[in-house]
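K.L.:
Model the following, please.
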Amino acid sequence: MRFTLDHSAGRWRFRGPDGDPFLSIGVVHADDTNLRYPHNMGIFTARYGASRRRWLREGLVPEMTSWGFNTLGWTSEYVSGSGLATDGGAVDLGHSEGLPADDVAALGIPFTLSLRVAEIEHWNGHPAYRDPRGPAFAQWCDHLARITCRPDDPNLLGYFLVDVPCWGRHPTGAGYPPGELAAIADAYYRTATEAIRRHDPHHLILGDRYGTRHPVPDAVLDAAAPYVDVLSVQTFPGPGADRLHAALEIIGRWHVRTGRPVLIADTGNWCPTVMRPDRTGWASDQRDRGAGYAAAAEAFTARPWCLGWHWCGWLENPHRGFGLKDPWDEPYTDLTEVVRQTNLRLSTGGTPRSPTTPAAGRGG
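P.N.:
Residues are numbered from 1 along each chain as shown. So this is what the prediction gives:
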């Protein structure tokens with residue numbers, strides 16, 4: 001049995017291997033390296049024996065599931081401290097590789113994997129716009145699929161492709177020739193998904209993780225639709241119902257154009273903290289963040305095209321500046337209590353899955 005999609009009574013949901021529909025309520029950017037800084041390495045050693053597997057089994061999974069999260073989403077972590085430039089520039093550094101697939105698969109909860117088939121991310125200061133119509137791209141995609149795909153894993157939700165791909169003109173000035181965009185996008189999605197399907201004919205293809213702040217050309221949406229099962233979108237609309245509504249209007253139009261259900265694959269909010277007092281412009285404090293979480297989750301759930309949402313992020317680090325937990329591995333309880341109540345209330349439309357194998361029963 002594998003994860004599939006359910007479309008009944010006018011609503012989209014994931015359907016689990018047990019046959020029940022559910023909302024994927026996940027956490028993104030959960031990585032043990034956030035506990036390996038000088039300011040918290042002692043905590044990582046004392047609590048988890050400086051072991052990634054112990055942290056996963058004894059820390060991450062019990063805590064996230066107790067707060068009503070049921071999916072481990074994109075685990076790659078942001079490692080550049082400069083952020084996206086406001087003047088149209090981009091950062092030079094990108095993301096980590098994320099948690100090892102074998103470690104994540106051993107946890108017994110739904111998880112996702114990614115294949116970075118192209119280096120065209122909006123945050124990438126050195127993008128590489130290689131033509132996907134040639135044999136080199138096909139060989140690269142097949143290589144990634146061979147080393148990534150897990151065709152027999154019952155807990156694998158599906159495969160992402162690229163994080164915030166810049167399909168229009170990149171901030172660095174790079175990009176694909178506009179007149180060839182439709183043919184290039186078709187080759188990109190066809191070649192990448194054919195590689196996945198050769199090595200895993202079963203699991204869902206979640207596609208690129210588009211961003212609502214960066215327009216996706218219609219030609220790209222039209223090219224992707226025949227090849228992906230899900231439209232994955234990340235959105236950080238900022239404070240206020242008007243901004244959230246505007247972001248959801250964009251996503252709704254993308255859903256109508258493609259006919260694909262939508263996973264909110266990355267979303268979040270922030271406020272000033274001890275480590276990052278400069279994190280202003282969204283919420284005033286953690287309680288305010290909780291109110292923002294509840295409002296966003298309710299708005300997502302109200303959209304019949306929404307398959308769920310994955311929250312950014314797990315533990316605050318010096319670069320990201322926000323999380324469900326502070327830099328010393330303690331929950332922001334004014335936030336997490338609201339998150340817990342909200343998740344448990346909204347998931348009644350599709351109950352979170354229990355792990356297929358208890359995490360505590362795993363060795364390592």
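
K.L.:
rest of the way, CA atoms for contacts and neighbours
P.N.:
Will do.

K.L.:
which residues in this protein form strands?
P.N.:
According to DSSP state E, the chain carries its strands in the segments 4-8, 11-15, 21-22, 24-28, 71-72, 111-114, 156-163, 204-211, 231-235, 262-267, 306-312.

K.L.:
How far off centre is the first one?
P.N.:
Pointing back at strand 4-8 there. 20 Å (C-alpha atoms, centre = their mean, to the nearest Å).

K.L.:
Mind listing what's buried along that strand?
P.N.:
4-6 (16 or more other C-alpha atoms under 10 Å).

K.L.:
So which other helices or strands are in contact with it?
P.N.:
If you count contacts as 3 or more C-alpha pairs under 8 Å, 6 or more residues apart in numbering; DSSP states H and E, strand 4-8 packs onto strand 11-15.

K.L.:
ends of stretch 226-233, how far apart?
P.N.:
17 Å (C-alpha to C-alpha, to the nearest Å).

K.L.:
residues making contact with that stretch?
P.N.:
Applying C-alpha atoms under 8 Å, 6 or more residues apart in numbering, the external contacts of stretch 226-233 come out as 189-190, 193, 204-212, 251, 255, 260-266.

K.L.:
at 7 Å instead, please
P.N.:
189-190, 193, 204-211, 260-265 (C-alpha atoms under 7 Å, 6 or more residues apart in numbering).

K.L.:
CA atoms of stretch 47-64 as PDB?
P.N.:
The C-alpha trace of stretch 47-64 is given here as PDB (Å, rounded to 0.1, in the frame of the first residue of the first chain):
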ATOM      1  CA  ARG A  47      20.000  15.000  25.900                       C
ATOM      2  CA  TYR A  48      20.800  12.900  22.900                       C
ATOM      3  CA  GLY A  49      24.300  11.600  23.300                       C
ATOM      4  CA  ALA A  50      25.300  13.700  20.300                       C
ATOM      5  CA  SER A  51      23.400  11.100  18.200                       C
ATOM      6  CA  ARG A  52      21.200  12.100  15.300                       C
ATOM      7  CA  ARG A  53      19.200   8.900  15.600                       C
ATOM      8  CA  ARG A  54      18.500   9.400  19.300                       C
ATOM      9  CA  TRP A  55      17.500  13.000  18.600                       C
ATOM     10  CA  LEU A  56      15.100  11.800  15.900                       C
ATOM     11  CA  ARG A  57      13.600   9.000  18.100                       C
ATOM     12  CA  GLU A  58      13.600  10.700  21.500                       C
ATOM     13  CA  GLY A  59      13.300  14.300  20.600                       C
ATOM     14  CA  LEU A  60      11.800  15.300  17.200                       C
ATOM     15  CA  VAL A  61       9.200  12.600  16.600                       C
ATOM     16  CA  PRO A  62       7.600  12.400  20.100                       C
ATOM     17  CA  GLU A  63       7.500  16.100  20.400                       C
ATOM     18  CA  MET A  64       6.100  16.900  16.900                       C
END
